[in-house]
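Student: Just the structure for this:
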Amino acid sequence: RAAKTTSHKLKTRLTSGEKKDRKRMAELSVVYDCSPVPRSPADVMARSGDCSKTAGPAAKAKWFTASVAEDARKVIEAAFLEAERRDPGHLRPWVALVDGNNHQINRIKTEANKRG
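Tutor: Coordinates of the predicted model:
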């Protein structure tokens with residue numbers, strides 16, 4: 001009976017039910033401070049060799065977390081906790097940048113609504 005319940009997971013080959021090329025999604029959150037830098041569309045779209053290009057904002061006091069084990073809810077919550085620690089009165093503008101993943105967008109909206 002004990003032999004039947006023991007897992008025979010192989011380290012190099014797939015066992016029954018496993019998919020080839022299974023990808024794990026990493027969740028990443030970054031919180032940083034930066035001062036706004038006014039730029040025109042020409043500044044943003046200028047080629048790197050143009051000397052007239054205005055430099056973009058520089059990130060300061062960077063904090064980040066990443067995980068393949070934790071889900072998006074916990075990673076995004078951790079970012080909001082760090083942002084709230086830095087700006088408890090919500091006096092500065094907060095910006096969230098997402099790659100278009102609807103689940104992440106919904107999680108960000110939920111966390112933002114929870115914190116007002």
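
Student: Which stretches in this structure count as helices?
Tutor: Applying DSSP state H to the chain gives helices spanning 2-5, 41-45, 72-86, 102-114.

Student: which stretch in the ones you listed has the least confidence?
Tutor: Among the helices of the chain, helix 2-5 carries the lowest mean pLDDT, at a mean of 55.

Student: ok, back up a step: I'd like the helices of the chain as TSV, with mean neighbour count appended.
Tutor: Yep, even glycine has a C-beta here, placed from its N, CA and C like the rest. Putting the helices of the chain into TSV (neighbours: other CB atoms under 10 Å) gives the following:
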stretch	mean neighbour count
helix 2-5	6
helix 41-45	11
helix 72-86	17
helix 102-114	14
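
Student: Grab the nearest non-local neighbour of Ser29.
Tutor: Once flanking residues are discounted, Ser29 sits nearest to Ala79: 3.5 Å by CB to CB, 6 or more residues apart in numbering.

Student: about what we covered before: Arg92 is nearest to which of the helices of the chain?
Tutor: Evaluated over these, closeness to Arg92 peaks at helix 72-86, with 8.4 Å, by CB to CB.

Student: Which residues outside the closest one are in contact with it?
Tutor: Residues outside helix 72-86 that contact it (CB atoms under 8 Å, 6 or more residues apart in numbering): 27-31, 33, 61, 63, 65-67, 90, 94, 101, 103-104, 107-108, 111-112, 115.

Student: next one: stretch 88-108
Tutor: Residues outside stretch 88-108 that contact it (CB under 8 Å, 6+ apart) are 72-73, 76, 83-84, 87, 112, 115-116.

Student: If we use 6 Å, what do you get?
Tutor: The contact list for stretch 88-108 (CB atoms under 6 Å, 6 or more residues apart in numbering) reads 72-73, 76.

Student: Now distance to Pro57 too, for the residues you listed, in CSV please.
Tutor: Formatted as CSV, the contacts of stretch 88-108 follow (distance: CB to CB, whole Å):
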residue, distance to Pro57
Ala72, 26
Arg73, 29
Ile76, 23
